[in-house]
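*Asks:* structure of the sequence below:
(2 chains)
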Amino acid sequence: MLHIALPTILAVEEAAESGGLFDIDATMPLMAVQFVILALILNAVLYKPLGQAIDERADYIRNQQVGSQEQVAKIERMTQEYEDALSSARREAQDIVAEAQAEAQAVASKALTEAQQQAQAERETARGEIDKQKEVAIATLDAQVDTLSRQIVKKLLGYELS
Amino acid sequence: MTNFFPLPITNVLAELEVGEHLYWHVGNFKIHGQVFLASWVVMGALIVASILATRNVQRVPSGMQNFMEYALEFIRDLAKTQLGEKEYRNWVPFIGTLFLFIFVSNWGGALIPWKLVELPSGELAAPTNDINTTIALALLTSLAYFYAGLSRKGLGYFADYAQPTPIMVPFKIIEDFTKPLSLSFRLFGNILADELVVAVLVFLVPLFIPVPLMLLGLFTSAIQALIFATLAATYIGEAMEEHGEHE
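*Replies:* Numbering: from 1, shown residues only, chains lettered A, B, ... in the order given. Now for the predicted structure:
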C-alpha cells in the first residue's frame, strides 16, 4: 500500500479497512449503472433538445440561404429586365430625336428653298419692271431727241427738213 | 515505507492519502463513498449545466446554451469523424456522456478544492482516479461496441474476427480484453499520477512551483477525456464497419 503522509495519519490508516490502489469492489458496477443513468438524463436534458435546436437551426439557415439565393436570382433577373427596358427606351428616344431632327431639317430646308425661290421670283419681277420702264424711258427720250433734233436743225437751217 | 518525509511539515493541505477509501456498506457490498460523493458533484454539475442550457432554447443561442452547444458540436464532430455521417447520431449520448463525465471529473479533481471537505477516511478527488470508475467506463465501452457490432451484423460480427485471415482470430479475441484494460488503466494512471505529482510537489514546495505542473495536469486531463471518448467511438465504429467481402 502506497502511503505518503505524516505519522499522525497512521492512526487513520489503522482504523481504515482493507483498501489499496486496486481495490475493486461494488463501486464498479454501481458506477456503471450511475453512468448509464447519467447518459439517459443527459440525453433527455442535453443531447435531444440541443441537438434538435442545432438541426433546426441548420435547416433554417439552409432554407434561408435557398430563399435568399432565389431572391438574388429574382433581383438579378429584374435588374436585367429593367436594363433591357432602359436601353430600348434610350434607343427609342434616340430614334425620336433623330426623326425630329430630320423633320426639322426638312422643314428648314424647305422654308429656305421657298424663300430663295420667292426672292428669285421677286427679283425677276423687279428686273422685268426695270427693263420695261427703261424701254419706256428710252422711247420717250427717243421721241424727245427727235423733236429736239428737228428744232436744232430748223434753227440752224432756218427751214424745216421735210 | 509509511514515512517518506522525515521533515516535520505542518501543512495540512499537503497530506496525501492514496489507496484509502471511505467505505460505505450497501447490503453485503462495500463501496467507495468518496468516489460516489465526487461523482454526484460532477453529475449534478453536468445536469444543472444542461438544464440551464436547454431551459429556454433559442434559435440564436446565448450564454449557457451557446457554451453547451459548443460542447455538443465538439462531441458530434468527434462521433461523426469516428462513426461516419450515417451512424453517429445514435451514439452521441454515450460518447458525449463519456467525454463530459471524464472531462468534468478530471478538471473538477484538479480545480475544486476537495481538501477543504474532511472525510473520516480517504479524501475526495476526481472520480476518475479510482480504478473502479475507469473500469466501469471501459466495460461499458466494451458492451457498447459488442452491442454495436452484434446489432449491425448479428452473429456475423464474430465471423469478422477471421478477417482478413483466420490467423487474426486469437489477436482479435485478445484485443477484446486489452481494449477495456488499456482504456481503464490509461485514464486511471494518468489522473492518479497527475494528482500524485501535484500533491507531492505541493507537499515539498507549497508555493508557485507546482503551478506549471497543475496547468500541465489540466492539459493532460482534457487530453485523457478526449482520448477515452475518441477510442470508445473508434471501437464502436470498428465494430460496425463493413468488411470488403460483404459489400
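*Asks:* now the helices for the chain?
*Replies:* I went with chain A, as the question did not name one. For chain A, the helices defined by DSSP state H cover A:10-15, A:27-42, A:48-157.
*Asks:* not quite, go with chain B.
*Replies:* Listed in chain order, the helices of chain B (DSSP H) span B:33-54, B:63-83, B:88-111, B:131-153, B:156-159, B:168-204, B:210-240.
*Asks:* give me the contact list for the fifth one.
*Replies:* Residues from elsewhere that reach helix B:156-159 (CB atoms under 8 Å, 6 or more residues apart in numbering or on different chains): B:146, B:149-150, B:239, B:246. In short, each C-beta sits where N, CA and C put it, glycine included.
*Asks:* got a winner among those for most neighbours?
*Replies:* B:Gly149 (21 neighbours; other CB atoms under 10 Å in any protein chain shown).
*Asks:* kindly export stretch A:61-75 (C-alpha atoms) in CSV.
*Replies:* Extracted in CSV, the C-alpha atoms of stretch A:61-75 (Å, rounded to 0.1, in the frame of the first residue of the first chain):
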residue,chain,number,x,y,z
ILE,A,61,-30.2,28.5,-42.3
ARG,A,62,-30.3,26.2,-45.3
ASN,A,63,-33.9,27.3,-46.1
GLN,A,64,-33.0,31.0,-45.7
GLN,A,65,-30.0,30.5,-47.9
VAL,A,66,-32.1,28.9,-50.6
GLY,A,67,-34.7,31.6,-50.2
SER,A,68,-32.1,34.4,-50.4
GLN,A,69,-30.5,32.8,-53.4
GLU,A,70,-33.8,32.7,-55.1
GLN,A,71,-34.3,36.4,-54.2
VAL,A,72,-30.9,37.2,-55.5
ALA,A,73,-31.7,35.4,-58.8
LYS,A,74,-35.0,37.2,-59.0
ILE,A,75,-33.4,40.6,-58.4
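*Asks:* what number of residues lie near residue 62?
*Replies:* Going with chain A. Using other CB under 10 Å, the number of residues around A:Arg62 comes to 10.
*Asks:* I was thinking of chain B, sorry if that wasn't clear
*Replies:* 9.
*Asks:* ramachandran angles for it?
*Replies:* Main-chain torsions, B:Ser62, degrees, to the nearest 10: phi -150, psi 160.
*Asks:* dump the helices of chain B into JSON lines; add distance to B:Gly122 and mean pLDDT as well.
*Replies:* Below are those laid out as JSON lines (distance: least, CB to CB, whole Å; pLDDT from 0 to 100):
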{"stretch": "helix B:33-54", "distance to B:Gly122": "5", "mean pLDDT": "90"}
{"stretch": "helix B:63-83", "distance to B:Gly122": "31", "mean pLDDT": "91"}
{"stretch": "helix B:88-111", "distance to B:Gly122": "14", "mean pLDDT": "91"}
{"stretch": "helix B:131-153", "distance to B:Gly122": "13", "mean pLDDT": "91"}
{"stretch": "helix B:156-159", "distance to B:Gly122": "41", "mean pLDDT": "86"}
{"stretch": "helix B:168-204", "distance to B:Gly122": "13", "mean pLDDT": "89"}
{"stretch": "helix B:210-240", "distance to B:Gly122": "20", "mean pLDDT": "90"}
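*Asks:* deepest in the core, which of these is it.
*Replies:* helix B:88-111 (a mean of 23; mean count of other CB atoms under 10 Å in any protein chain shown).
*Asks:* quick one: that helix to helix A:27-42, angle?
*Replies:* 120 degrees (axes from the mean of the first three to the mean of the last three CA atoms, to 10 degrees).
*Asks:* how about low-confidence regions in chain A?
*Replies:* Applying pLDDT under 70 to chain A picks out residues A:1-19, A:162.
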